[in-house]
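> sequence and predicted structure are below.
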Amino acid sequence: MDKPRECGCKGCRTCLVCEKLYGIIPKPFFFNSTQKSYVFCPYCNKLWKGWNLGDIQKHPYHIGEHIPFNGIYIKLDFLNKEEEEFLLENIDSVAWDSSQSGRRKQNYGPKCNFKKRKLQLGNFKGFPKFSQLVQDKFRNIPILEDFRTIEQCSLEYDPIRGASIDPHVDDCWIWGERIVTVNLLADSILTLTPNFKNEHYNLHCVHNYPSVLTNTGEKNTSGSSFKFSEDRNSWPVVRIPMPRRSLLVMFGSPRYDWEHQVLREDITSRRVCLAYREFTPSYLPGGSHYSEGRKIMEMAKNFF
Ligand SMILES: O=C(O)CCC(=O)C(=O)O
Ligand SMILES: [Fe+2]
């Protein structure tokens with residue numbers, strides 16, 4: 001096992017602190033010269049050719065090539081300025097833990113061993129009272145109607161530490177289909193690239209439980225599991241805007257067929273986000289592992 005460095009990074013993960021200390025050269029974002037890039041428009045839910053948000057003409061005056069893209073829901077101005085300020089003040093009154101790639105975090109959730117697929121309550125007691133307003137507001141978002149938060153994580157990205165997050169798929173053994181992010185303090189971008197690591201991230205577990213949503217975001221009533229897409233070689237790079245105070249829900253194909261990352265170059269000023277995760281249906285009532293999820297679900301109702 002790699003030992004974490006003083007900054008919190010380990011293995012191939014680096015930040016400005018350990019790069020300077022150990023003379024590590026960071027790997028640049030790999031861009032295949034034939035690979036196209038597209039920006040997701042939160043108004044028409046389509047991809048338009050470009051890299052930066054400013055590259056695409058503002059909706060509805062788009063020009064050029066576009067393709068449909070399912071599995072991304074963005075609610076602009078999900079929070080108002082007062083709510084954002086209130087949350088930031090309270091988040092910053094809690095101690096931050098250092099994390100990898102220059103991030104800092106505050107985690108509220110059960111203890112998960114993704115390798116051994118073991119779930120424990122640990123010292124999880126629920127979520128901080130000040131953050132209840134966010135989960136209350138999920139009830140106004142139709143695709144989050146039955147979303148039960150099991151993990152809430154505050155993440156801080158500061159350009160001083162060259163913060164970023166490497167490409168990954170959130171674990172599929174324990175974390176359900178909808179990955180929710182609430183963006184605070186700065187605009188940023190989530191970069192999606194096709195996932196070629198099919199044996200990673202416990203992706204095989206996805207066959208064991210039904211999809212929560214159809215690929216267009218309606219409730220999936222057929223009980224069928226997510227169907228993975230083949231032939232990803234021709235897929236582009238997709239750039240998803242994460243405007244300040246917006247809510248992002250990633251589900252379906254972007255959740256499972258693509259890896260997501262936040263590039264260092266897309267953190268130009270301090271950004272904080274709240275990341276929310278739900279259980280897979282296996283750990284929810286009626287699921288084969290509900291006995292393991294039950295106590296955690298009880299705790300997750302608490303705001304302290
Ligand atoms: O910072 C973000 O918006 C993404 C965070 C993320 O992907 C994660 O915590 O798994
Ligand atoms: Fe993630």
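The structure has been received and is ready for your questions. Ligands and ions are numbered 1, 2, ... in the order given.

> so what's N198 up against?
Counting by CB atoms under 8 Å, 6 or more residues apart in numbering, N198 touches F228. Just so you know, the C-beta spots here come from the backbone N, C-alpha and C atoms, and that holds for glycine as well.

> that one and L213: what is the separation?
22 Å (CB to CB, to the nearest Å).

> same thing with R294?
24 Å.

> so the spatially most central residue of the chain bridges to which residues?
Nearest residue to the geometric centre of the chain (CA atoms, centre = their mean): I179, 5.3 Å. Under DSSP bridges, the beta-bridge partners of I179 are M250.

> so what's the nearest residue to I91 once chain neighbours are set aside bridging to?
Among residues not flanking I91 along the chain, S154 sits closest, at 5.1 Å (CB to CB, 6 or more residues apart in numbering). S154 forms beta bridges with Q106, L274, as assigned by DSSP bridges.

> residues touching S154, list them.
S154 neighbours (CB under 8 Å, 6+ apart): 91, 94, 96, 105-106, 272-275.

> ok, now S188?
157, 242, 262, 266-267, 271.

> 10 Å - rerun?
Shown in contact with S188 (CB atoms under 10 Å, 6 or more residues apart in numbering): 53, 157, 181, 240-244, 262-263, 266-269, 271, 273.

> got the phi and psi for it?
Per-residue torsions, S188: phi -150, psi -170 (degrees, to the nearest 10).

> what pLDDT is listed against the closest residue to it other than its chain neighbours?
With CB to CB, 6+ apart as the measure, M242 is the residue that lies nearest to S188, at 4.7 Å, once sequence neighbours are left out. Listed pLDDT for M242 reads 97.

> my guess is M242 meets V249, correct?
No. Proximity of M242 to V249 does not meet the contact threshold set by CB atoms under 10 Å, at 11.7 Å.

> so what sits against both of those two?
With CB under 10 Å, 6+ apart as the test, M242 and V249 both reach 74, 181.

> look at N123 and say how many residues are nearby.
Counted by other CB atoms under 10 Å, the residues lying close to N123 total 8.

> what's the burial count for T280?
T280: 25 neighbours (other CB under 10 Å).

> ok, now how distant is it from V238?
Distance from T280 to V238, by CB to CB: 24 Å.

> can you check P26 too?
Taking CB to CB, one finds P26 at 22 Å from V238.

> neighbour count for those two, which is higher?
For the pair P26 and V238, the greater number of neighbours falls to V238 (22 against 16), based on other CB under 10 Å.

> so which of the contacts of S188 reach ligand 1?
181, 242, 262, 273 (CB under 6 Å from any ligand atom).

> which members of those residues are the farthest-apart pair?
T181 and V262 (10.1 Å; CB to CB).

> joint contacts of those two?
155, 188, 190, 242, 273.

> pick the one among the residues you listed closest to N220.
Closest approach to N220 among those (CB to CB): L190, at 23.6 Å.

> tell me which element the nearest residue to D77 once chain neighbours are set aside is part of?
Nearest non-adjacent residue to D77, counting by CB to CB, 6+ apart: R245, 5.6 Å away. Per DSSP states H and E: R245 is located in neither a helix nor a strand.

> and if you look at G122?
Using DSSP H and E, no helix or strand contains G122.

> could you count how many residues lie near it?
Neighbours of G122 (other CB under 10 Å): 12.

> go on, K27?
Per other CB under 10 Å, the neighbour tally for K27 reads 9.

> my read: it touches T14, true?
Yes. The pair K27 / T14 is scored as a contact, 8.5 Å apart, by CB under 10 Å.

> okay, and the common contacts of these two?
D166.

> which secondary structure state is assigned to I67?
strand (DSSP: H, G, I helix; E, B strand; the rest coil).

> please determine how far the residue nearest to I91 is located from M242.
From S154 over to M242 (counting by CB to CB), the distance is 15 Å.

> what do you get for K58?
17 Å.

> then H260?
On the measure of CB to CB, H260 and M242 end up 11 Å apart.

> near ligand 1, which residues of the stretch 51-200 of the chain show up?
155, 165, 170, 181, 190.

> before we move on, what about the stretch 201-304 of the chain?
Counting by CB under 6 Å from any ligand atom, the stretch 201-304 of the chain sits next to ligand 1 at 242, 260, 262, 273, 275.

> need the three-state assignment for the closest residue to F69 other than its chain neighbours.
Leaving out its chain neighbours, the residue that sits closest to F69 by CB to CB, 6+ apart is L47, at 4.8 Å. Look at L47: counting by three-state DSSP, its state is strand.

> what's L47 in contact with, if anything?
36-41, 56, 65-69, 72, 236, 238-240.
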